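Asks: quick one: sequence and predicted model below, then my questions.
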Amino acid sequence: MSAIDTDSNSNSNSDMNSNSHNKTNEWWIFAVFFSIIIIANAILLGSGSLKWGWSGVGIMMAAAFTIGLYSFLYQDNPLFKMAEHFYVGIATAYLIIVTWYSVILTDIIYALRDLWSQPFSSTIFWQMMAIILPTMIGLLVYTRLVPSISWLSRITFAVIIGFGSGLAIPNAINAYILEQLKPSMMPLWTSAGGIAWGALVIFFGVITTLVYFFFSLEHKGVIGKTAKIGIWFLMISFGASFGYTVMARFSLLIERINFLFRDWIPLING
Amino acid sequence: MNFFKKRLPLLLAFFTGWLAVILDYIPHQNGEALMTTITKGLIIIGAVTAFMGIYGLLGHHYLKMKRKNEGWAYSLLVWAGFFIMMLFGIYNNGEWILKPQAEVGGVSWIYEYIFNPCQATMFSMLAFFIASAAYRTFRAKSIEAGILLVAAIIVMIGQVPVGILISERLPDISQWLLDYPNLAVKRAIFFGIALGGVSTSLRIIFGIERAYLGGE
Amino acid sequence: MKKISIVRSLFNLDRRIIYLFIFLSILLPFLVKFDLPIKAAKNVRNVYDKIEDVAKTKGERGTILLSFDFDNASRAELEPMAKAIIAHIFKKNIRLVVMGHWLNGVELTKTLLNEMSAEFKKKYGDNYVYLGYRPGVQILIVNMGKDFKSAFQTDSQGKSTNDFLVTKNIKTLSDFDYVISFSAGSGGIEEWVVYGQSKFHFTMAGACTAVMAADYFPFLQSGQLNGLIGGLAGAAQYEALVGRPGSGIDGMRPQSMAHIVLIIFILLGNIYYLTDKYLKNKKQDGGVH
């Protein structure tokens, strides 16, 4: 018991030490960050590499946010969290702005205004209904904010999810199964070309992978061996995906470094 | 009342689900017109409902500020970012909200110089994490892990120009891995996605899956 | 025991040292210029050939739809591709229609189109149109396939699509000579293939982030996609085909170098693992005897 107590005491002591150490580091991160931003921008503005104006200030701002977020690579710190939270707020507002100007304004308000300006007829009436009715159904979702009538929002979800599910059935069968089965059933051997190695690899790959995912049967005997080959195929595919993922991640970093050292600090020429 | 609260949504899902299936198979002119009207209606519903998620996010941060929870000042920044962007969005470069969105102005500036670098930087950090994780965990501990490792290295080298300098055959081998074994696996996964998707859709249409309707 | 601890201390690198190497492997190749051979893969060439074919067979009446289904998170990979393809389309005087399934990509699409149209002196409405964003993805694609003007009565500025030369005669998705989705995830290529191409049978290609590229090979063999451009390397290949070097080709030096550095790290990690395992086994054997 005493040993446990001692351990926990030493743990909490070390936690406190590391907390205070982190707090000191956080101040250092702030100091280094502001020093870099102030000194670099002063030099860049002084040398004429950056010009005052919306574009110049924008680049400085972008650089500050980029470096602020990268400070996380050293350790988690308030600077990172500040940038992150501010960005979340902006993204949220942007969602409203785009939805308003791209859809609500054009497809609801302008569309209704145009219909309203035309001479009234049954066609116009139904065209207006085709906009008003879905708008009303959509608005029902906000009844979730009033607990006593929140069940009305289920109507909106039922319509969206129900129709979406129905639409998925024929299209998934068509695109993922029927269209994919056709090239899987190519001849594995032809009198003119001999064995079609590519088709053979695909054929065995598909079968063995499907067998691996067939968990209703115990993976023993022939099934077990087939599933084993399926795993090898899976490993090749996952390896290929990993290789490509590495490429993707580095590409994003390349763009950021390009921004920092070409657009902000003109280190990279051309 | 119980009918409206519980049965009606399930009936609606059943009806709209089968309607979508039937309309998909009917090439008749009226069926096509109905499909067009319904899908357009759903686009409008999608737009109108888009703001619902925002309430949850902003409400969460509002409560954090109100209760002075740990890190409440960060929540203030969420609201600050939101308000600043919204102000420019409403102002619309002097055109206000009933005119089409302005081509230039505060929204474009904030998007280009704050939103863009933030989002791009957040995702670019994954390059560092993937490198560190690969160094520590990407080990040939078994035959399967070895196959994974070799395939990854071949694709990593073969898909970039430096691969040709190392060996002229490397890009071809990498392409072969993608074109045949990888294709076979992805196709088998497609079959799984389709069957899983169809069964989930049927569960929703028949009212077996009800999680999307929320509690109670 | 001592040997094991030496090996462990040698290989137990602080993550920040790895970060530093990765950072340098990207920065230094930007500073030191060297040429790398860029050879277009057949899936990339197919996209190029199809656009050439549209130009040859349809001339100025040819219309291509580009769907910008990405945002800033993958802008680094997909924007170079989009630039190279738009340059190709504009060079060939093919009409261009641009839309997007991703809400966060609206502003970047506008900026890109303004920049490219200014460079190639293209007129809005006569040569290109930006339709903007609409929600719904699958539903939107089906709606476009049934009646294009229902989905997009207006462009992003609220002007009627009937008034533009580019979109005047488009009735359904099948009226487009080619559709390309620039995709960074859900709400992109896959939805276009499942709810668009497989249903309405138009020719389409995918341009995607490298993360997703390996997933779409079955669509290539089945003919649901006629071409696929994957990641920054794909962008570089397309830039080489159109003879317009941009950030794709420029990025291939750091990209190649970073890959090599990462492979060295992976190999070092494995050497450490095998050495550690060997020393442990040796120690155990020593203990038994």
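Replies: Sure, I can see it.
Asks: what residues go with each domain of chain A?
Replies: A:2-98, A:186-270 (automatic domain parsing).
Asks: and among these, the most buried is which?
Replies: Burial of those is given as mean neighbour count (mean count of other CB atoms under 10 Å in any protein chain shown); domain A:186-270 ranks first at a mean of 18. Backbone N, C-alpha and C define where each C-beta goes, glycine included.
Asks: and that domain with chain C, contact?
Replies: Yes. Domain A:186-270 reaches chain C (CB under 8 Å from any CB of the partner chain) through A:202, A:237, A:240-241, A:244-248, A:250-258, A:261-262, A:267-268, A:270.
Asks: among those residues, which are located in helices?
Replies: Cross-referencing these against helices under DSSP state H gives A:202, A:237, A:240-241, A:244-248, A:250-258.
Asks: next, format the domains of chain A as a markdown table and append mean pLDDT and distance to chain B.
Replies: Below are these laid out as a markdown table (pLDDT from 0 to 100; distance: least, CB to the nearest CB, whole Å):
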| stretch | mean pLDDT | distance to chain B |
| --- | --- | --- |
| domain A:2-98 | 85 | 3 |
| domain A:186-270 | 93 | 2 |
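Asks: residue C:137 and residue C:122, how far apart?
Replies: The spacing between residue C:137 and residue C:122, counted by CB to CB, to the nearest Å, is 28 Å.
Asks: in a markdown table: the domains of chain A, plus distance to residue B:211.
Replies: Converted to a markdown table, the domains of chain A look like this (distance: least, CB to CB, whole Å):
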| stretch | distance to residue B:211 |
| --- | --- |
| domain A:2-98 | 24 |
| domain A:186-270 | 24 |
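Asks: residues in contact with the residue of chain C found nearest chain A?
Replies: Nearest residue of chain C to chain A (CB to the nearest CB) works out as residue C:76 at 3.2 Å. By CB atoms under 8 Å, 6 or more residues apart in numbering or on different chains, residue C:76 lies in contact with A:251-252, A:254-256, B:120, B:124, C:232, C:247.
Asks: show me what contacts the residue nearest to it when sequence neighbours are not counted?
Replies: Spatial nearest neighbour of residue C:76, excluding adjacent residues (CB to CB, 6 or more residues apart in numbering or on different chains): residue A:255 at 3.2 Å. For residue A:255, the contacting residues are B:120, B:124, C:75-76, C:247, C:251, by CB under 8 Å, 6+ apart.
Asks: which of those residues fall in helices?
Replies: B:120, B:124, C:75-76, C:247.
Asks: farthest-apart pair in those, please.
Replies: Within the ones in helices among the contacts of residue A:255, two members stand farthest from each other by CB to CB: B:124 and C:247, at 14.1 Å.
Asks: who's more crowded, those two?
Replies: residue B:124 (25 against 22; other CB atoms under 10 Å in any protein chain shown).
Asks: right, and the more buried one touches residue A:260 too?
Replies: No. Look at residue B:124 against residue A:260 with CB atoms under 8 Å: they stay out of range, at 10.7 Å.
Asks: you'd agree residue C:211 is up against residue A:250?
Replies: No. Residue C:211 is not in contact with residue A:250 according to CB under 8 Å; the separation is 11.5 Å.
Asks: name the residues of the longest helix belonging to chain B that come out as buried.
Replies: If you go by DSSP H, chain B has its longest helix at helix B:183-205. Buried residues in helix B:183-205, counting neighbours by 16 or more other CB atoms under 10 Å in any protein chain shown, are found at B:183-191, B:193-194, B:197-198, B:200-202, B:204-205.
Asks: which residues in the stretch 151-270 of chain A form strands?
Replies: A:189-190, A:194-195 (DSSP state E, counting those that start in this stretch).
Asks: do the stretch 101-250 of chain C as well
Replies: C:128-133, C:178-183, C:204-208, C:228-230.
Asks: domains in chain B, by residue range?
Replies: B:2-50, B:52-124, B:139-205.
Asks: tabulate these (a markdown table), appending mean pLDDT.
Replies: Converted to a markdown table, these look like this (pLDDT from 0 to 100):
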| stretch | mean pLDDT |
| --- | --- |
| domain B:2-50 | 93 |
| domain B:52-124 | 95 |
| domain B:139-205 | 95 |
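Asks: give me whichever of these is most buried.
Replies: domain B:139-205 (a mean of 20).
Asks: is it anywhere near chain C?
Replies: Yes. Domain B:139-205 lies within reach of chain C by CB under 8 Å from any CB, at B:139-141, B:149, B:153, B:155-157, B:159-162, B:164-165, B:171, B:175, B:178-179, B:182-183, B:186-187, B:190.
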